[in-house]
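Student: sequence and predicted structure are below.
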Number of protein chains: 2
Amino acid sequence: MSTADIGLPVEVPSTALFTDQYELTMLQAALKAGTAERRSVFEVFTRRLPEGRRYGVVAGTGRVLDAVENFRFDAGVLGFLRERGIVGEETLDWLANYRFSGDIWGYPEGEVYFPGSPVMRVEGSFAECVLLETVILSVLNHDSAIAAAASRMASAAGERPLIEMGARRTHELAAVAAARAAYVGGFASTSDLAAGFRYGIPTVGTSAHAFTLLHDRERDAFQAQVNTMGRGTTLLVDTYDVAEAVRTAVEIAGPELGAVRIDSGDLLLVAHRVRQQLDELGATNTKIIVTSDLDEYAIASLAAAPVDAYGVGTRLVTGSGHPTCSMVYKLVARTESADPKAPLVPVAKKATGGKTSIGGRKWAARRRDEQGVAEAEVVGTGPVPDGLVDRQLLVELVKAGKVVAREPLDAPRDRHIAALAALPLSATQLSQGEPVIPTEYVHEGSAG
Amino acid sequence: MSTADIGLPVEVPSTALFTDQYELTMLQAALKAGTAERRSVFEVFTRRLPEGRRYGVVAGTGRVLDAVENFRFDAGVLGFLRERGIVGEETLDWLANYRFSGDIWGYPEGEVYFPGSPVMRVEGSFAECVLLETVILSVLNHDSAIAAAASRMASAAGERPLIEMGARRTHELAAVAAARAAYVGGFASTSDLAAGFRYGIPTVGTSAHAFTLLHDRERDAFQAQVNTMGRGTTLLVDTYDVAEAVRTAVEIAGPELGAVRIDSGDLLLVAHRVRQQLDELGATNTKIIVTSDLDEYAIASLAAAPVDAYGVGTRLVTGSGHPTCSMVYKLVARTESADPKAPLVPVAKKATGGKTSIGGRKWAARRRDEQGVAEAEVVGTGPVPDGLVDRQLLVELVKAGKVVAREPLDAPRDRHIAALAALPLSATQLSQGEPVIPTEYVHEGSAG
């Protein structure tokens, strides 16, 4: 079982080794000390947004669910741990039977988040929860960073579609996750076939400069492409002289030519010239696609240009300056015994050097003003104030080890649009700023 | 077959879909046009180093060789391409038999590179070479970015070992590749178990704040850890009060305590205090490990501190500000027919907006001065000047489709140390600068 049932089925290998070694040594020490079965609550949150960002985007939740389901120690993995002497036989026996049997709640994928938002909460025995730290953080930190960049680019692009083209600039499997996160953040399609295969994301692509250079004349390359792809294809027109290429393109494909792609030069200027030329040649429906180191600022600067779609690569897959989030996975409460009825005790590391943690199992809600606009992220322990009960953000994702919140990838995409629309308008300003709403803490015992 | 024979064997899935769609549509168009079999030379190079960097580090070569060997279109993949209508039946038949049968030369892994260095050269039919663009670039762009950051951190750390701990800050499989690249760049070990499993890299790890917080008293947590890991373990001492934790740690483990880890606060100050306290307690051999958002600058600033090892996470796996390289894969020469004896014709896109490419199949050599110090990266087409024949950088990696250059991971690690040692001393300055040696071009027909 995996989110692959939305795309095509693929075999998912075990995720059990996407783990920092200390998780296994802590497990072993806790098993020996008799503390491994204490009921524990771990929370994922970030102390701050990347500098200047006004909101974050939760992405990767579906991949986390896959990872938790496939977190199993098979014979090969156990053999490795034994051979390396990382843990002893008793721990290996325990690991051989590992299945996460606890509960996971979290912000639903596509939702926005702010500093302190408990974007995910993992609850079960210390032993079963502590092992999931690294894989959960890997997925959320990577995917949320990409989705946040995608969201800003989508705001800048308005109604014009965005194509994800960054696979070549990042690890080959990070690229697949990046295409997925970009889709959640508002992109329309990807060039990455593996992302189409794995997640059912629409894929696009026509040709590169190499194809033109392969042929003796640009005309031959265009003709070859039109012969096989049809007149609706996209011809790349900046290998030699753009004006000549556009003329040749329309000559070969006629006014039915689908689109031309411009991958270099002053895009604003060139797009205007090409639009004018296409119109003069009668190709008034032929679209213009631009690519070439675009980011949200470059996209915004092309708002007035006659551009129909943007292809974005490097800056998308590297999070547009912020390639990771700073989400952490912290123990916030645990019982004092393995008795399932023992009360949870809040715990927290002492604050030093900006590393503040707040103990206790938390709820979160987004308070709205009378117009329905979000005005605060409220995070608390204890009872939820009446006015916020309906505004709670955490939803059940895994119940007693079973995934209960699978959804097709359009769900988080739509959810993100809705979440963004409920934020103050300044959320989508591209300039550096503070989080668009403040985070307020309501502690148990304080006034609701 | 994979570099896994160095670590433990793992099954490597097909890499054929780590491909941008346009590679398949170009293939189809070229097959139909009769140009697919033209012999072609593609080169991987970068037009510039990341801003301020003095050298680049080639990493990922071993992973590229795995990816090329596993680039096969199985029934599932072909079914996907058919169902989506990405290519037609004739192209699918061609893909079903795909095996790369050409030649690949490249800078050996761990070697340094500069703007214009032809770090990899892929030669064969246009059809077989064009498909490898994305996967080769994904691997090299990601892994080389990490290795470059690792190399700078290793220079800053001097003789002190570096531990890679960044898995939680990047995609879970990018993390495995990052640990590998970090090892090539000079790191000693990783916390990532999957990297130990896959590549045989030494793994380390002991405990997190959660382990201390799980227990009723810090003392109980330390005792539990020592009970299972022995006195040589590393105790994390900054959950509550550092001085008290150090006292408790030595009380429990005795002067044989392996190490203490400090993960927050003013590391310079705290390390000095902890060293003094450990010495006063007789734990003169107990080491101090620091972690907490370190990068090469923070490491350098701790050179005078009594620190024995550094753990580096976020800044390593995000390339310390440069999470990707800007390597491109360009057609630089091809024949005018499928005749294998036809001469290669240099090709290049017209230069626009800084996107300059130089046509022709290239060699590269690093010229040294009389003291053996590198003084220029010389890149040329045509015959290699006599004095540079022995200084050539490209080595044979794949010959007629067969990988001929597998090596254990210590080889690129050692090679990197040697390559760095042969550069001018200013190479390892951390401050922003120009490439430490210039790239000179020698064109066919020009004076050697």
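Tutor: Sure, I can see it. Numbering: from 1, shown residues only, chains lettered A, B, ... in the order given.

Student: spatially nearest residue to the residue positioned nearest the centre of chain A (excluding sequence neighbours)?
Tutor: In chain A, the C-alpha nearest the mean C-alpha coordinate belongs to residue A:143, at 2.8 Å (Cα atoms, centre = their mean). Using Cβ to Cβ, 6 or more residues apart in numbering or on different chains and skipping the chain neighbours, the partner closest in space to residue A:143 is residue A:60 (3.0 Å). (Glycine included, C-beta is placed from N, CA and C.)

Student: the helices in the stretch 51-200 of chain A, which residues?
Tutor: Using DSSP state H, counting those that start in this stretch, the helices assigned to the stretch 51-200 of chain A run over residues A:61-69, A:75-83, A:89-96, A:126-130, A:133-157, A:172-185, A:193-199.

Student: I'd like these laid out as a markdown table, including mean pLDDT.
Tutor: Listed next are these as a markdown table, based on pLDDT from 0 to 100:
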| stretch | mean pLDDT |
| --- | --- |
| helix A:61-69 | 97 |
| helix A:75-83 | 95 |
| helix A:89-96 | 98 |
| helix A:126-130 | 98 |
| helix A:133-157 | 98 |
| helix A:172-185 | 98 |
| helix A:193-199 | 95 |
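
Student: got TSV for the ones you listed, with distance to residue A:50 too?
Tutor: Converted to TSV, these look like this (distance: least, Cβ to Cβ, whole Å):
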stretch	distance to residue A:50
helix A:61-69	20
helix A:75-83	34
helix A:89-96	36
helix A:126-130	27
helix A:133-157	7
helix A:172-185	14
helix A:193-199	24
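
Student: could you chop chain A up by domain?
Tutor: A:14-146+A:322-442, A:151-321 (automatic domain parsing).

Student: pipe those into TSV and attach distance to residue B:123 per row.
Tutor: As requested, the domains of chain A are arranged in TSV below (distance: least, Cβ to Cβ, whole Å):
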stretch	distance to residue B:123
domain A:14-146+A:322-442	33
domain A:151-321	14
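
Student: can you tell me which of these is most buried?
Tutor: domain A:151-321 (a mean of 22; mean count of other Cβ atoms under 10 Å in any protein chain shown).

Student: any idea how far apart the tips of that domain sit?
Tutor: One end of domain A:151-321 to the other measures 14 Å (Cα to Cα, to the nearest Å).

Student: tell me the pLDDT at residue A:404?
Tutor: On the pLDDT scale, residue A:404 is placed at 98.

Student: run the chain-centre distance for stretch A:288-307.
Tutor: 22 Å (Cα atoms, centre = their mean, to the nearest Å).

Student: end to end on stretch A:163-182, go ahead and measure it.
Tutor: 9 Å.

Student: cool, stretch A:398-417 as well?
Tutor: The first-to-last residue distance of stretch A:398-417 comes to 25 Å (Cα to Cα).

Student: stretch A:203-214 too?
Tutor: Termini of stretch A:203-214 sit 24 Å apart (Cα to Cα).

Student: and the strands in the stretch 151-300 of chain A?
Tutor: For the stretch 151-300 of chain A, the strands defined by DSSP state E, counting those that start in this stretch occupy A:162-164, A:189-190, A:234-236, A:259-262, A:287-291.

Student: quick one: end-to-end distance for stretch A:224-240.
Tutor: Start-to-end, stretch A:224-240 (Cα to Cα) is 17 Å.

Student: between the domains of chain A, which gets nearest to residue B:389?
Tutor: Closest of the domains of chain A to residue B:389 is domain A:151-321, at 29.8 Å (criterion: Cβ to Cβ).

Student: distance to chain B and mean pLDDT added to the strands of the stretch 151-300 of chain A, as a markdown table?
Tutor: Below are the strands of the stretch 151-300 of chain A laid out as a markdown table (distance: least, Cβ to the nearest Cβ, whole Å; pLDDT from 0 to 100):
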| stretch | distance to chain B | mean pLDDT |
| --- | --- | --- |
| strand A:162-164 | 10 | 98 |
| strand A:189-190 | 9 | 98 |
| strand A:234-236 | 9 | 97 |
| strand A:259-262 | 10 | 98 |
| strand A:287-291 | 11 | 97 |
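
Student: and those as a markdown table, adding distance to residue A:417?
Tutor: A markdown table is the format used below for those (distance: least, Cβ to Cβ, whole Å):
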| stretch | distance to residue A:417 |
| --- | --- |
| strand A:162-164 | 14 |
| strand A:189-190 | 17 |
| strand A:234-236 | 27 |
| strand A:259-262 | 26 |
| strand A:287-291 | 23 |
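
Student: before we move on, the earlier item: so who does the residue nearest to the centre of chain A touch?
Tutor: Residue A:143 is in contact with A:59, A:60, A:63, A:177, A:178, A:180, A:181, A:184, B:171, counting by Cβ atoms under 8 Å, 6 or more residues apart in numbering or on different chains.

Student: in terms of contact, does the second one touch residue A:135 like I think?
Tutor: No: because the distance of 10.6 Å does not satisfy Cβ atoms under 8 Å, residue A:60 is recorded as not touching residue A:135.

Student: what sits in contact with each of these two?
Tutor: Common neighbours of residue A:60 and residue A:135 (Cβ under 8 Å, 6+ apart) do not exist.

Student: hang on, the earlier thing: out of the contacts of residue A:143, which comes closest to residue B:415?
Tutor: residue B:171 (27.1 Å).

Student: measure the closest one to residue A:171 for me?
Tutor: 6 Å (Cβ to Cβ, to the nearest Å).

Student: hang on, the earlier thing: farthest pair within the contacts of residue A:143?
Tutor: Largest pairwise distance in the contacts of residue A:143, by Cβ to Cβ, is 15.0 Å, between A:184 and B:171.

Student: quick revisit: so which of the contacts of residue A:143 is the closest to residue A:416?
Tutor: Nearest to residue A:416 among the contacts of residue A:143, with distances taken as Cβ to Cβ, is residue A:184, at 6.1 Å.

Student: check contacts around the closest one.
Tutor: So residue A:184 contacts A:57, A:59, A:109, A:110, A:143, A:147, A:150, A:409, A:412, A:413, A:416 (Cβ under 8 Å, 6+ apart).

Student: pull the contacting residues for the last one.
Tutor: So the one you mean is residue A:416. A:57, A:110, A:111, A:112, A:147, A:151, A:184, A:185, A:186.

Student: tell me the phi and psi of it?
Tutor: phi -60, psi -40 (degrees, to the nearest 10).

Student: just the closest residue of the stretch 101-250 of chain A to chain B, please.
Tutor: Across the stretch 101-250 of chain A, no residue is closer to chain B than residue A:205, which sits at 2.9 Å (Cβ to the nearest Cβ).

Student: could you look up the SS state of residue A:440?
Tutor: Here residue A:440 is strand, with the state taken from DSSP: H, G, I helix; E, B strand; the rest coil.

Student: do you know how far it is from residue A:367?
Tutor: In terms of Cβ to Cβ, residue A:440 sits 8 Å off from residue A:367.

Student: list the residues that are in contact with both of the two.
Tutor: By Cβ under 8 Å, 6+ apart, the residues touching both residue A:440 and residue A:367 are A:376, A:377, A:378.

Student: looking at those, which is nearest chain B?
Tutor: For those, the nearest to chain B is residue A:377 (23.4 Å; Cβ to the nearest Cβ).

Student: can you classify the closest one by secondary structure?
Tutor: strand.

Student: and the pLDDT at it?
Tutor: So residue A:377 comes in at 98 (pLDDT).

Student: tell me which two of the contacts of residue A:184 sit farthest apart.
Tutor: Largest pairwise distance in the contacts of residue A:184, by Cβ to Cβ, is 14.1 Å, between A:57 and A:409.

Student: rewinding a little: was I right to think the residue of the stretch 101-250 of chain A closest to chain B contacts residue B:27?
Tutor: No: Residue A:205 lies out of contact with residue B:27 (Cβ under 8 Å); the separation is 11.3 Å.

Student: which strand residues bridge the closest residue to residue A:398 other than its chain neighbours?
Tutor: Nearest non-adjacent residue to residue A:398, counting by Cβ to Cβ, 6+ apart: residue A:104, 3.8 Å away. With DSSP bridges applied, residue A:104 shows beta-bridge pairing to residue A:122, residue A:398.

Student: that concludes my questions; thank you for your assistance.
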